[in-house]
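Engineer: Dropping the sequence and predicted coords here.
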Amino acid sequence: MTRETVIDVHDLTVRYGTFEAVTGLSFEVRRGELYALLGTNGAGKSSTLEVIEGHRTASSGEVRVFGEPPTRRRSVRPRTGIMLQESGFAEDLTVRETLGLIGSLSQREDRPERVLDVVGLAPKAATRVSQLSGGEKRRLDFATAIFGSPELLFLDEPTTGLDIQSRDALWETVDRLREDGATIVLTTHYLEEAQQRADRVGLMHRGRFRMEGTVAEITRTLPATISFRATAESAEIPLEHVRRDDGTVLVETHALQGDLHRLLAWADERDLELLELEAGPTRLDNVFRSIAND
Ligand SMILES: Nc1ncnc2c1ncn2[C@@H]1O[C@H](COP(=O)(O)OP(=O)(O)OP(=O)(O)O)[C@@H](O)[C@H]1O
């Protein structure tokens, strides 16, 4: 059974004057998915998201969110949480006041204390926004987005400026929302995060998708890699497509399991230990580099 479509983008074009920032983009996001919209700088991600979020009208094409035009804010807004790259909070409001204000605008029910606790800002509830650090402001951004546990959450570069603990905490909260069925749209330049977490990925470059699919489908377009620290013997390994790079042996292969098996058998016969051995599909950032260079 196909899950319900939450976001449906069909043949979307966004123009600024004569410049086409997004050209004929089509994709769907289904209930419960984490969809990562990735791309090079200026690829058109923000322009696309602004249309889906109802902040910009499409030059042409059709966009539906929960089956409605996103500009129909009264029905779409209460079901949608948005964490923008730059929020522009009023500097003289306190953290609690900001959350209360944004919470009431979102028309979702929640307790500010609960949300501040979730994002670790409870001790700063009475602090003015102007006195927060960059990372704390990002956490307040996140708090406003998850206020009332929305069904659909947009996360635009959510972990930029966050320390590792805050990142882990943010993803834990997102995972909990997903367990309750929330749908997530993520944009990030941290491709590792997308690789780990996205169900599907759209890779944009110059206004179009260059690839779209699951992480496995996308990373399969490039060979997998085996790498280990070079030794005198490694010149003789029985594999093709071997490169040496800065003391590391790098093997590119479309038959990862078989080649890995052969390599390990070869090392066993010689009683060699392959130090720093790593094997796996290529990383999303390599696919990204390959599309960004054309
Ligand atoms: N208001 C605007 N007027 C004119 N051109 C714009 C406007 N907003 C964006 N653009 C242009 O449209 C293109 C796409 O911009 P957009 O912000 O959607 O890209 P992006 O993928 O979000 O980029 P980044 O990763 O750098 O944030 C860019 O070339 C940008 O210069």
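Structural biologist: Nice, thanks for sending it over. For clarity, every value in this text was computed on a predicted model and none was experimentally measured.

Engineer: Report the rounded mean pLDDT for the longest helix anywhere in the chain.
Structural biologist: Secondary structure of the chain per DSSP state H: the longest helix is helix 164-179. Mean pLDDT, helix 164-179: 93.

Engineer: cool, stretch 105-113 as well?
Structural biologist: Computed over stretch 105-113, the mean pLDDT rounds to 88.

Engineer: picking up where we left off before, remind me what the longest helix of the chain packs against, helices and strands.
Structural biologist: helix 134-146, strand 152-156, strand 183-187, helix 191-197 (3 or more C-beta pairs under 8 Å, 6 or more residues apart in numbering; DSSP states H and E). (C-beta placed from N, C-alpha, C; glycine too.)

Engineer: and the residue in the stretch 101-250 of the chain positioned nearest to the ligand, what helix or strand is that in?
Structural biologist: Nearest to the ligand, among the residues of the stretch 101-250 of the chain, is residue 204, at 6.4 Å (C-beta to the nearest ligand atom). Using DSSP states H and E, residue 204 maps to strand 200-205.

Engineer: CA-only coordinates of the helix or strand just after that strand in CSV, if you can.
Structural biologist: Counting by DSSP H and E, the next helix or strand C-terminal to strand 200-205 is strand 208-213. What follows is strand 208-213, C-alpha atoms only, in CSV (Å, rounded to 0.1, in the frame of the first residue of the first chain):
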residue,chain,number,x,y,z
ARG,A,208,16.9,20.6,-11.4
PHE,A,209,17.2,17.2,-9.9
ARG,A,210,20.3,15.4,-10.9
MET,A,211,19.3,12.4,-8.9
GLU,A,212,16.5,11.3,-6.7
GLY,A,213,15.9,8.1,-4.8
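
Engineer: Which strands or helices does the following helix or strand past strand 208-213 pack on?
Structural biologist: Next along the chain after strand 208-213, taking DSSP H and E as the criterion, comes helix 215-219. Here helix 215-219 touches helix 191-197, strand 200-205, helix 284-292, going by 3+ C-beta pairs under 8 Å, 6+ apart.

Engineer: Could you say which of those is packed most deeply?
Structural biologist: When these are scored by mean count of other C-beta atoms under 10 Å, the highest mean neighbour count falls to strand 200-205 (a mean of 23).

Engineer: Tell me which other helices or strands that strand touches.
Structural biologist: strand 19-30, strand 34-39, strand 208-213, helix 215-219, helix 284-292.

Engineer: One more pass at 6 Å, please.
Structural biologist: Strand 200-205 sits against strand 34-39, strand 208-213, with contacts defined as 3 or more C-beta pairs under 6 Å, 6 or more residues apart in numbering; DSSP states H and E.

Engineer: Low-confidence regions, the chain specifically.
Structural biologist: 1-2 (pLDDT under 70).

Engineer: That one against the ligand: which residues are in contact?
Structural biologist: 16, 19, 21, 39, 41, 42, 43, 44, 45, 46, 47 (C-beta under 6 Å from any ligand atom).
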